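> Would you be able to build a 3D model of this:
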Amino acid sequence: MLAALVAFGATTALIAQDRPLPSVPQSLGLQEAIDLANQFSPIYRQTQNNRGPAAWGVRNALASTFLPSFTASGGVGYSGTGSQNFLTQSFVQPSGTIGSSYSLTLGFQLSGQTLSQPGLARAQLSATDAEITGARMNLRSALVNQYLSVLQAQDNVRLTEAQQKRADEALRLAQARYQVGQTTVLDVRQAEVLKGRADVGLIQAQQAVTVEKLRLFQQMGVAAPDDPSVVSLPDTFPVVEPTWEPQDLLAEAEEQNPDLNSLKARHNAAVWNERSAKSAWLPTFSFSARWSGYTQRFTDLNPVINNALVGAQQDAEATAEQCQYVNANLLNPGGTALPCPSTTLTAADTALIEQGLRARYPTVSVLDFGSYTRQPFSASIGVSFPIFTQFSRPLQASVAGAQADDARELVRARSLQVRTDVSQAHYGLQTAYRTIAIQETNRAAAQEQLRLATEQYRVGSATFLNVLDAQAVAQQAEADYVRAVYDYHRAIVLLETAVGRPLR
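Numbering: from 1, shown residues only. As a prediction, the model looks like this:
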């Protein structure tokens, strides 16, 4: 039953590892992308796999503390015919032997170190859970940033399309003015170059969208479709004034930041490890019990029977000779002679000897537990007190104490880092929000400048260089506005990562 459960668990794990990757939906929302990444991201799953050993570590620690160990062992042995020499003695084995044995051992040991293992294992499991939470939060942050990168690339495509449209209008305007003789062919060529650059920029912007989508699919841990353009990202992110209070964010980060919680759990594990090292001064209690048995038989009884018959024949001859010697030399002449036995074995004697040997050494199965000869039951209880261990215990306690102190300092350092990260991200978010308003004003001014330059060129009061300069300024202002908007969204993601939870 246990083997079947283990086999079923291993098969389930292999199926989970080998399951095919899902297809990406054509409309991919952010939450759907996060859910798929939580299931299929290779980096996150590597961290998630650490929980299995940590959970079994807790079970092992509890079992080692409160449950005895039980061991069953057995074996089969064979010894061939021949002689064995020990110094001047020789032992002959007329027939091969085969035997088997078994033993059942129950053991239990209790010490200060085993008593501290459950707490240590639980602390390590808590640290692993915190690391998994941190990995999930980091995965979400990376995925949101990449999702924003795709949206930003799509906005850049729209900007490039608008620039291409303006370049096309400038080219038509230059051609119209050239046809009526109001400008030179130089303006037309400059407009053509501007149009060509806009076309190239559009192609590059479209390629950037494809590349960013491929990176998004990679972070999700799913296979990209043959044509990434069929996948659309419908989610949008509004720009609202941030109203989070710094003190509230700092308090939440102190409790929810996964990296900080992981270090706190590691510090707790280090404290338990220090307790375990110091418990080496406590005595160790042990108990063991053992049941065992064996069985052995000859592979062939005929050599044994033959040796026994030869020995019996020799004994009969010696007895007969002794009887005859007594009759001839020790009794008075003429006295009644003692009856002497025969010098040869009768058929009945031979059958009796063979029957006795076969009854003594029956032919049984080696694995027949009913024929095992049980050995006496044995049990022992002991206690040991370590007196002098060549200063190994103080060394272990000192090392464990230093590790606990280091872990505590890591927690303090990370707490300071978290406070810095939260404050920096909060101030960065405020700056990003104010930057959007400024960039929006700049964009409106640049668009008005471009409109005026175009109208002036249309009526001949400005040159085509003025139009080119205005288009460059408008293009930069629009790109700066888009960049400011997505810097704002990324600032929120950075703040969420520092706090340890989503904020919107």
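
> all helices of this protein, in order?
With helices called from DSSP state H, the chain shows them at 2-18, 30-40, 42-48, 51-66, 112-179, 185-220, 246-256, 258-278, 302-325, 347-360, 392-459, 464-499.

> count of neighbours near Thr210?
When counting by other C-beta atoms under 10 Å, one arrives at 15 neighbours for Thr210. For every residue, glycine as well, the C-beta is placed using N, CA and C.

> ok, back up a step: same list (the helices of the chain) but as TSV, adding distance to Gly99 and mean pLDDT.
Formatted as TSV, the helices of the chain follow (distance: least, C-beta to C-beta, whole Å; pLDDT from 0 to 100):
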stretch	distance to Gly99	mean pLDDT
helix 2-18	28	42
helix 30-40	57	94
helix 42-48	51	93
helix 51-66	35	93
helix 112-179	38	92
helix 185-220	63	93
helix 246-256	66	94
helix 258-278	45	91
helix 302-325	15	79
helix 347-360	16	79
helix 392-459	44	93
helix 464-499	69	93
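
> Of all those, which one is nearest Val76?
Smallest distance to Val76 across these (C-beta to C-beta): 21.0 Å, for helix 302-325.

> by contact count, what packs against that closest one?
Secondary-structure packing of helix 302-325 (3 or more C-beta pairs under 8 Å, 6 or more residues apart in numbering; DSSP states H and E): helix 347-360.

> Would you mind pulling up the elements that the helix it packs on packs against?
Applying 3+ C-beta pairs under 8 Å, 6+ apart, one finds that helix 347-360 makes contact with helix 302-325.

> quick one: the helix it packs on to helix 347-360, angle?
Helix 302-325 runs at 140 degrees relative to helix 347-360, counting by axes from the mean of the first three to the mean of the last three C-alpha atoms, to 10 degrees.

> Quick check: buried residues in stretch 390-397?
Neighbour-count burial for stretch 390-397 flags Arg393, Gln396, Ala397 (criterion: 16 or more other C-beta atoms under 10 Å).

> With respect to Thr97, which of the helices of the chain lies nearest?
When the helices of the chain are compared by C-beta to C-beta, helix 302-325 sits nearest Thr97, at 10.3 Å.

> thinking again about what came up before, so can I have TSV of the helices of the chain showing distance to Pro238?
TSV is the format used below for the helices of the chain (distance: least, C-beta to C-beta, whole Å):
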stretch	distance to Pro238
helix 2-18	39
helix 30-40	13
helix 42-48	28
helix 51-66	37
helix 112-179	13
helix 185-220	21
helix 246-256	20
helix 258-278	27
helix 302-325	99
helix 347-360	98
helix 392-459	12
helix 464-499	10
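
> Tabulate the buried residues of stretch 390-397 (CSV), appending distance to Gln206.
Below are the buried residues of stretch 390-397 laid out as CSV (distance: C-beta to C-beta, whole Å):
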residue, distance to Gln206
Arg393, 69
Gln396, 64
Ala397, 65
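
> any idea how the protein splits into domains?
Split into domains by automatic domain parsing, the chain comes to 28-77+92-227+246-292+385-499, 302-360.

> tell me how far the longest one is from the chain's mean position?
Read it as domain 28-77+92-227+246-292+385-499. Put simply, domain 28-77+92-227+246-292+385-499 sits 18 Å off its chain's centre (C-alpha atoms, centre = their mean, to the nearest Å).

> Quick check: the residue nearest to Leu67 when sequence neighbours are not counted vs Gly119, distance?
Distances taken as C-beta to C-beta, 6 or more residues apart in numbering place Phe108 nearest to Leu67, at 7.9 Å, with adjacent residues excluded. Relative to Gly119, Phe108 is positioned 20 Å away (C-beta to C-beta, to the nearest Å).

> So what's the residue count around Ser95?
Per other C-beta under 10 Å, the neighbour tally for Ser95 reads 19.

> just checking, it touches Phe298?
Yes - in this structure, Ser95 is within contact of Phe298 by C-beta atoms under 8 Å, at 4.5 Å.

> Could you pull out the residues contacting both of these two?
Taking C-beta atoms under 8 Å, 6 or more residues apart in numbering as the criterion, Ser95 and Phe298 both touch Val304.

> Save the domains of the chain as a markdown table, and put in distance to Asn85 too.
As requested, the domains of the chain are exported to a markdown table (distance: least, C-beta to C-beta, whole Å):
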| stretch | distance to Asn85 |
| --- | --- |
| domain 28-77+92-227+246-292+385-499 | 10 |
| domain 302-360 | 19 |
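
> Most tightly packed of those domains?
A comparison of the domains of the chain by mean neighbour count, using mean count of other C-beta atoms under 10 Å, puts domain 28-77+92-227+246-292+385-499 on top with a mean of 17.

> distance between the ends of that domain?
The first and final residues of domain 28-77+92-227+246-292+385-499 sit 27 Å from each other (C-alpha to C-alpha, to the nearest Å).

> Over to stretch 216-228?
End-to-end distance (C-alpha to C-alpha), stretch 216-228: 11 Å.

> contact partners of it?
By C-beta under 8 Å, 6+ apart, stretch 216-228 touches 21-24, 33, 36-37, 39-42, 44-45, 139, 142-143, 146-147, 149-150, 210, 213-214, 231.

> and what of stretch 125-140?
For stretch 125-140, using C-beta under 8 Å, 6+ apart, the contacting residues are 34, 37-38, 41, 43-44, 47-48, 50-51, 54-55, 57-58, 219, 258-259, 261-262, 264-266, 268-269, 496-497, 500-502.

> switch to 6 Å and redo it
34, 37, 41, 44, 47-48, 50-51, 54, 58, 258-259, 261-262, 265-266, 269 (C-beta atoms under 6 Å, 6 or more residues apart in numbering).

> do stretch 234-253 as well
Contacts for stretch 234-253 (C-beta under 6 Å, 6+ apart): Ser27, Gly29, Leu30, Val418, Arg419, Val422, His426, Leu429, Tyr488, His489, Val499.

> Taking those residues together, which two end up most distant?
Across the contacts of stretch 234-253, no pair lies farther apart than Ser27 and Arg419, at 40.1 Å, counting by C-beta to C-beta.

> Apart from its chain neighbours, what residue comes closest to Thr284?
Ser111 (4.1 Å).

> For that neighbour, grab phi and psi.
In terms of degrees, to the nearest 10, the main-chain angles of Ser111 are phi -150, psi 170.

> Distance-wise, check Pro281 relative to Arg360.
I think there's a mix-up here, since residue 281 is Trp and not Pro. For Trp281, the distance to Arg360 equals 58 Å [C-beta to C-beta].
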